[in-house]
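Asker: Fold the following and give me the result.
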Amino acid sequence: MLLFGIGARALPWWGSEECGQAAPHGRLQRPAADEETIEKVEEAIARLSASLSEASGERASLQAERVEATEALQRSESQIIAANELLARYRLLDSRYSSDLQRLDFVTEGAHFFGGLQAVTCPLCEQPMTGDHAHPAASSISAVYESARIVSQGVV
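Answerer: Numbering: from 1, shown residues only. Purely as a prediction, here's the structure:
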């Protein structure tokens, strides 16, 4: 009481019957009303402690769920990135197949027009260019063209 600048006698309960009585060994005994108040306070503390531990447990479980959700989100995002990369590669491959098909189409058209030209000698074997020389090349070009067309339809 000296810290606040007031004496003990200024307190409202000083000298009343409710102020504890000294026990034989110099200890103060608390009045029954104080015991009841202390029990209520202890019950309130116990309820709040239980509520706090329950809230802490719930918070910990929510944090664990959040961590799991974050990891799942990151996995999903990386899978989306990988899928987009594969899609870009397949689109590039499809454009190359289309380009190859156009070239093969050009070669087949060219072979058709060369059929009407005058026969010349083969630069490799020095024999006249007849249908025997042209047909194996044309049939292999047709086979490659068909397989590329089928593959490109399956990719798209």
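Asker: alpha carbons only for contacts and neighbour counts from here, please
Answerer: Will do.
Asker: who does the longest helix seen in the chain touch, helix- and strand-wise?
Answerer: Assignment by DSSP state H gives helix 32-114 as the longest helix of the chain. If contacts are counted by 3 or more Cα pairs under 8 Å, 6 or more residues apart in numbering; DSSP states H and E, helix 32-114 sits against helix 131-155.
Asker: and the helix it packs on, what's its mean pLDDT?
Answerer: In this model, helix 131-155 has a mean pLDDT of 68.
Asker: Next: stretch 74-84.
Answerer: 98.
Asker: just stretch 57-65 next, same as before
Answerer: In this model, stretch 57-65 carries a mean pLDDT of 96.
Asker: Stretch 96-115 too?
Answerer: pLDDT averaged over stretch 96-115 gives 82.
Asker: Pull out the buried positions in it.
Answerer: Buried positions in stretch 96-115, judged by neighbour count with 16 or more other Cα atoms under 10 Å: Tyr97, Asp100, Leu101, Leu104, Thr108, Ala111.
Asker: Many thanks, we can stop here.
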